[in-house]
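1. missing the sequence, but the structure's below:
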């Protein structure tokens, strides 16, 4: 597993300059328009998309043929993609949080009192969870359809969880549930567990697809 | 015979191609050459052996165990394909770290020694490497986790003769240890003539024969004759034959017997290339 993650980190390391450039552009757009929340979410989601890029590198070098002759199982190989996704989402969220905090401090948008800090941390957690949920749907899609089609289906992978969340929200509103601040806070605290459960389902689906494939 | 790898009745069906009950074994301390024309089924056989494709039938046992039964088995198997399977922007040093994280048996000192011996710069991206350098890097990585069995799928194809000779020497060095073996698929039969102990010939998905190289080199022969003499040759002795413009080329399993029996015929030694060519392009009586 460690070797699989290391390989993805080395591979993606060659894209780091272009990624940093994109983060800088996003920083200019979001932070100067005072949309710090948008910036943290953008960083997390942009980083989650890098998992598809790792698949492109794998396809390009026919990596899976080599990986399967190493002492790693097919389950390890699939699980490795979810671990690397979690790393990317974590790195993106933290980068967003850092840049947003520093910008907020420079532009004097935060007082950095306990309320501001907790609000930023909760926002970062929400961004991490959202990126993880979106990114984990892209993994079975790429396993099933390959990188090229998978890229095109990336939009779907971002729309499906959004549609599901919106549907659940509408259903709850229809059932008379009122979204108070307390309820939203509780949902946010509970969201990492929802993301974990979602990732597990996506992992099972991905493994089911991958196990049938030939290399 | 103490076999490291035992393949029995391996079958795989594709549209338009079938790997048909392929069986052979690789004894300890030997090099087994897998020959056949392009599309004969060599790579399919190796892919099935390595569980890269799903078998329709048959068994593959490494030291008596199936590959899927234990991760440890993979520690003892080194594989080199015909191309490097790492992203082109990686360096040999990074490949070493990735491999070290994968294999418990990884020997970093041995890997660094191989890099020096093969004159491979550890910090240079592999996209700048020649085909030969890439293959040497693959071999270095495959040998540095101390495998007991090397599986090579067209590992020497695309290399110049000097580079091939260097690599073949490494393989010969590897099998000096009597617990080591190599399964080596190649359509460059001269390479196999140099290093192989056994030859398994696959044609149209079937094993035509599995024999020692010496038997093929020292016993097989080709009778070169005209139509009249061809008519007199005992049909049971003809393995395969091919008619050129004015000459019949007949492959026989015992060239000395043929030379004694057909005194007017020219009986030449048969190279593995000749044998393969006659089987692929010639005709069989039965």
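-> Yep, it's here. In this text the structure is predicted, and so the values were computed from the model without any measurement.
2. how would you label the residue most central in space within chain A: helix, strand or coil?
-> In chain A, the C-alpha nearest the mean C-alpha coordinate belongs to residue A:131, at 2.9 Å (C-alpha atoms, centre = their mean). The three-state assignment at residue A:131 reads helix, by DSSP: H, G, I helix; E, B strand; the rest coil.
3. contacting residues for it?
-> Contact analysis of residue A:131 by C-beta atoms under 8 Å, 6 or more residues apart in numbering or on different chains lists A:41, A:44-45, A:47-48, A:88-89, A:92-93. The C-beta positions use only the backbone N, C-alpha and C, and glycine is treated the same way.
4. Please flag which of those sit within helices.
-> Counting by DSSP state H, those place A:41, A:44-45, A:47-48, A:88-89, A:92-93 in helices.
5. Any regions of chain A where pLDDT drops low?
-> Where chain A drops to pLDDT under 70, the residues are A:110, A:112.
6. Strands of that one, start to end?
-> In chain A, no segments count as strands under DSSP state E.
7. which bits of it sit near chain B?
-> Counting by C-beta under 8 Å from any C-beta of the partner chain, the residues of chain A lying close to chain B are A:2-3, A:6-7, A:10-11, A:14, A:57-58, A:60-63, A:65-66, A:68-73, A:214-215.
8. Tell me how far the residue lying farthest from the centre of chain A lies from residue A:168.
-> Using C-alpha atoms, centre = their mean, the residue of chain A lying farthest from its centre is residue A:176. It sits 31.5 Å away. From residue A:176 across to residue A:168, the span is 14 Å (C-beta to C-beta, to the nearest Å).
9. Show me which positions of stretch B:278-286 end up buried.
-> Buried residues in stretch B:278-286, counted by 16 or more other C-beta atoms under 10 Å in any protein chain shown: B:278-280, B:282.
10. Looking at those, spot the one nearest chain A.
-> residue B:280 (26.7 Å; C-beta to the nearest C-beta).
11. so the closest one touches residue B:202, yeah?
-> No. Between residue B:280 and residue B:202 there is no contact, the gap being 10.8 Å when judged by C-beta atoms under 8 Å.
12. For stretch B:176-185, give me every contacting residue.
-> Taking C-beta under 8 Å, 6+ apart as the rule, stretch B:176-185 contacts B:4-5, B:26-35, B:42-43, B:45-46, B:49, B:147-155, B:171, B:174-175, B:191-192, B:195-196.
13. switch the cut-off to 7 Å
-> By C-beta atoms under 7 Å, 6 or more residues apart in numbering or on different chains, the residues outside stretch B:176-185 that reach it are B:4-5, B:26-34, B:42-43, B:46, B:148-154, B:171, B:174-175, B:192, B:196.
14. Name the nearest residue to residue 54, ignoring sequence neighbours.
-> You didn't say which chain, so I picked chain A. residue A:8 (4.6 Å; C-beta to C-beta, 6 or more residues apart in numbering or on different chains).
15. wrong chain, I was asking about chain B
-> Residue B:54's closest residue in space is residue A:214 (C-beta to C-beta, 6+ apart), at 6.2 Å.
16. Burial check on that neighbour, number of neighbours?
-> Counted with other C-beta atoms under 10 Å in any protein chain shown, the neighbours of residue A:214 add up to 10.
17. That one touches residue B:56, doesn't it?
-> No. Counting by C-beta atoms under 7 Å, residue A:214 does not reach residue B:56; the two are 11.8 Å apart.
18. Does stretch B:155-175 reach chain A?
-> No. Judged by C-beta under 7 Å from any C-beta of the partner chain, stretch B:155-175 stays clear of chain A, getting no closer than 13.3 Å.
19. Contacts made by that stretch with the rest, please.
-> Residues from elsewhere that reach stretch B:155-175, judged by C-beta under 7 Å, 6+ apart: B:29-31, B:80, B:82, B:131-132, B:135, B:139, B:143, B:150, B:180-182, B:186, B:188, B:191, B:194-195.
20. Which positions within it qualify as buried?
-> B:155-157, B:159, B:163-164, B:166-168, B:170-171, B:174-175.
21. so which pair among those is furthest apart in space?
-> Greatest spatial distance in the buried residues of stretch B:155-175: B:157 and B:175, 20.5 Å, computed using C-beta to C-beta.
22. Specify the beta-bridge partners of residue B:61.
-> Applying DSSP bridges to residue B:61 gives these bridge partners: residue B:6.
23. quick one: it from chain A, how far?
-> Going from residue B:61 to chain A by C-beta to the nearest C-beta, to the nearest Å gives 17 Å.
24. and what of residue B:111?
-> In terms of C-beta to the nearest C-beta, residue B:111 sits 14 Å off from chain A.
25. correct me, but that residue touches residue B:140?
-> Yes. Using C-beta under 7 Å, residue B:111 is in contact with residue B:140, at 6.1 Å.
26. Report all helices and strands that the helix or strand of chain B with the lowest mean pLDDT contacts.
-> Ranking every helix and strand in chain B by mean pLDDT, DSSP states H and E puts helix B:227-232 at the bottom, with a mean of 84. Counting contacts by 3 or more C-beta pairs under 7 Å, 6 or more residues apart in numbering or on different chains; DSSP states H and E, helix B:227-232 is packed against strand B:248-252.
27. Give me the residues contacting the strand it packs on.
-> Contacts of strand B:248-252 (C-beta under 7 Å, 6+ apart): B:220-227, B:230, B:233, B:237-242, B:258, B:270, B:275, B:278.
28. let's see 8 Å
-> B:220-227, B:229-230, B:233, B:237-243, B:258, B:267, B:270, B:274-275, B:278-279, B:282.
29. now do stretch A:115-123
-> So stretch A:115-123 is contacted by A:37, A:40, A:97, A:100-101, A:104, A:110, A:185, A:188 (C-beta under 8 Å, 6+ apart).
30. try it again with 7 Å
-> A:37, A:40, A:97, A:100-101, A:110, A:188.
31. cool, and stretch A:26-44?
-> With C-beta under 7 Å, 6+ apart, stretch A:26-44 has contacts from A:23, A:89, A:92-93, A:95-97, A:99-100, A:103-104, A:109, A:123-124, A:127-128, A:130-131.
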